[in-house]
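Asker: sequence first, then the predicted structure, then my questions.
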Amino acid sequence: MIRGASRLEYKESDRGLTLQSEFAEAGGAHRPRGDRMIIHGTGVVNGGAVASHNDHRIAMCLGIAATKALGPITIHDAESVVEKATRIFWDDLEELELIAKQTV
């Protein structure tokens, strides 16, 4: 459970509802409930096509989820949206994935 979720509503997108929608597309599940976000972990993210909603934090969250997905996740507009915040996020994420694979 994540507390303070109600403040996610007033960002680039309604992040709570956006994550609910996009994770449903990729096979995950969570529900905003008042000021809390209840996450129903299935242990599996299937993959699929999702949208960034022009929100860099949504794109980065979905990118992190993609590292453990059973299939590829395509995030529409991911590069351009995240570049507004940091130009190295995708490179850093790729490097972390490589390190994680080496330590398993």
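Answerer: Structure's in. What do you need?
Asker: list of residues touching the longest helix anywhere in the chain?
Answerer: Longest among the helix segments of the chain by residue count, using DSSP state H, is helix 89-103. By C-beta atoms under 8 Å, 6 or more residues apart in numbering, the residues outside helix 89-103 that reach it are Met60, Gly63, Ile64, Thr67, Ala78, Glu79, Val82. In short, each C-beta sits where N, CA and C put it, glycine included.
Asker: repeat that for stretch 57-70.
Answerer: Contacts of stretch 57-70 (C-beta under 8 Å, 6+ apart): 11-13, 15, 18-19, 22-23, 26-28, 44-47, 50, 52, 72-73, 75, 77-78, 81-82, 85, 89-90, 93, 96-97, 100.
Asker: which of these are buried?
Answerer: 13, 15, 18-19, 22-23, 26-28, 45, 47, 50, 52, 73, 75, 78, 81-82, 89-90, 93 (16 or more other C-beta atoms under 10 Å).
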